[in-house]
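Student: Pasting the sequence and the predicted model now:
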Amino acid sequence: MTMKSSTRQVDGVTIVDLSGRITLGEGSVVLRDTVRDLLSKGQKKILLNLGDVNYIDSSGIGELVSAFTTAKNQGGELKLLNLTKKVHDLLQITKLYTVFDVKDDEAAAVKAFK
Amino acid sequence: MRRGPVPIYYGTGPKIIGEADNDAGSIRAMTADRVSFTLDSTLETVNSAEETAGRMATEAGFDDEEVLKISMAVREAAVNAVLHGNAYDPNKKVMLAFERTAHDLVITIRDQGKGLDAGKIPDPLAPENLLKTSGRGIFLIRSFMDVVEIHPSSAGTELKMIKHVRGNAES
């Protein structure tokens, strides 16, 4: 039920590998804290790898939006990588798919950062 | 209509945190086709409601995709009841009920909050709301269920969600 998060650096981009559920409670908090921590350390190119995120609820969607806008407001950039079908479908029906910059290839995603 | 396994299923289901109305733990009332729970206003209730909904939907014969939609809808409804309705008030309860009819799975969730004014819920798909960090719960419930009725009152909000049973569920 819990979500795990780990980060790695690739060509100046911080890739956050997330796994589990981004839901109200622990999952959303982990995501929020991770992104805020990165931004506070000046790591403003953030690629959220959601390949192992198998579930997300409306709170999790809100947390993704919050991460996106927080990064943007601080002069950063946040992209999404490897959406599972469930997450992809959720972002489609909430019309957020086109709001986020969604990638499916890590190397291409890293290069896409300015 | 299939009978038999449903009440047994719920009697051995996931841990439901709640106040017992009788000796059957948190199960408040149970018939062959209807079971209801009285639950505390906690995050644990949200998770338990979701898990129970998933099991109930599976038992009703829905496929995996439909089960996911139903359990997500119940999760969102439980979040609304626990957070927005009862505001985590330990003195307020959430009532969750599942009922199998000949054609439907009917799920009702009721809180003891101030009553949700559905007319005041902003459209989360409106451009000015797309980047809001909340306000998508009811929209998702409506997306996932066939019928959604919101009945607010001064005693709380009752949310009724219906999913039509298809396929082999009537065997």
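Tutor: Cool, the structure landed.
Student: residue contacts, residue B:103?
Tutor: Shown in contact with residue B:103 (CB atoms under 8 Å, 6 or more residues apart in numbering or on different chains): B:164, B:165. Using the backbone N, CA and C atoms, a C-beta is placed for each residue, glycine as well.
Student: what about the nearest residue to residue B:95 once chain neighbours are set aside, how many residues close to it?
Tutor: Spatially, and ignoring its direct neighbours in sequence, residue B:95 is nearest to residue B:110 (4.4 Å; CB to CB, 6 or more residues apart in numbering or on different chains). Applying other CB atoms under 10 Å in any protein chain shown, we find 23 residues neighbouring residue B:110.
Student: same thing with residue B:68?
Tutor: 17.
Student: who's in contact with the residue nearest to the spatial centre of chain B?
Tutor: Centroid check for chain B by CA atoms, centre = their mean gives residue B:74 as the closest residue, at 3.7 Å. Listed by CB under 8 Å, 6+ apart, the contact partners of residue B:74 are B:49, B:50, B:52, B:53, B:96, B:107, B:109, B:161.
Student: What is the neighbour count of the fourth one?
Tutor: Spelled out, it's residue B:53. 25.
Student: Roughly how far does it sit from chain A?
Tutor: Distance, residue B:53 to chain A, by CB to the nearest CB, to the nearest Å: 13 Å.
Student: now that residue, nearest residue through space, not along the chain?
Tutor: residue B:74 (3.7 Å).
Student: hmm, back to that, which ones are touching the residue nearest to residue B:95?
Tutor: Counting by CB under 8 Å, 6+ apart, residue B:110 touches B:81, B:94, B:95, B:156, B:157, B:158, B:159.
Student: partner residues bridging it?
Tutor: residue B:95, residue B:158 (DSSP bridges).
Student: Report the helix or strand with the lowest average pLDDT across chain A.
Tutor: One helix or strand of chain A scores below all others by mean pLDDT, DSSP states H and E: helix A:26-40, with a mean of 92.
Student: Contacts for stretch B:87-101 next, please.
Tutor: B:1-2, B:6, B:10, B:18-19, B:28, B:33-42, B:45, B:49, B:52-53, B:56, B:60, B:74, B:78, B:81-82, B:85-86, B:105-113, B:165.
Student: ok, the strand ranked longest in chain A: who's next to it in the sheet?
Tutor: Counting by DSSP state E, the longest strand found in chain A is strand A:45-56. The sheet places strand A:45-56 alongside strand A:13-22 (parallel), strand A:77-81 (parallel), with pairing taken from DSSP bridges.
Student: circling back to that earlier point, which of the contacts of residue B:110 has the most neighbours?
Tutor: Comparing these by number of neighbours (other CB under 10 Å), residue B:81 comes first, having 30 neighbours.
Student: how far away is that one from chain A?
Tutor: Distance from residue B:81 to chain A, by CB to the nearest CB: 12 Å.
Student: wait, what's in contact with that residue?
Tutor: B:41, B:94, B:109, B:110, B:111, B:113, B:157, B:159.
Student: which intervals of the chain have sub-threshold pLDDT?
Tutor: I'll assume chain A. A:1 (pLDDT under 70).
Student: sorry, should have said chain B
Tutor: Counting by pLDDT under 70, chain B contains low-confidence residues at B:1-32, B:167-171.
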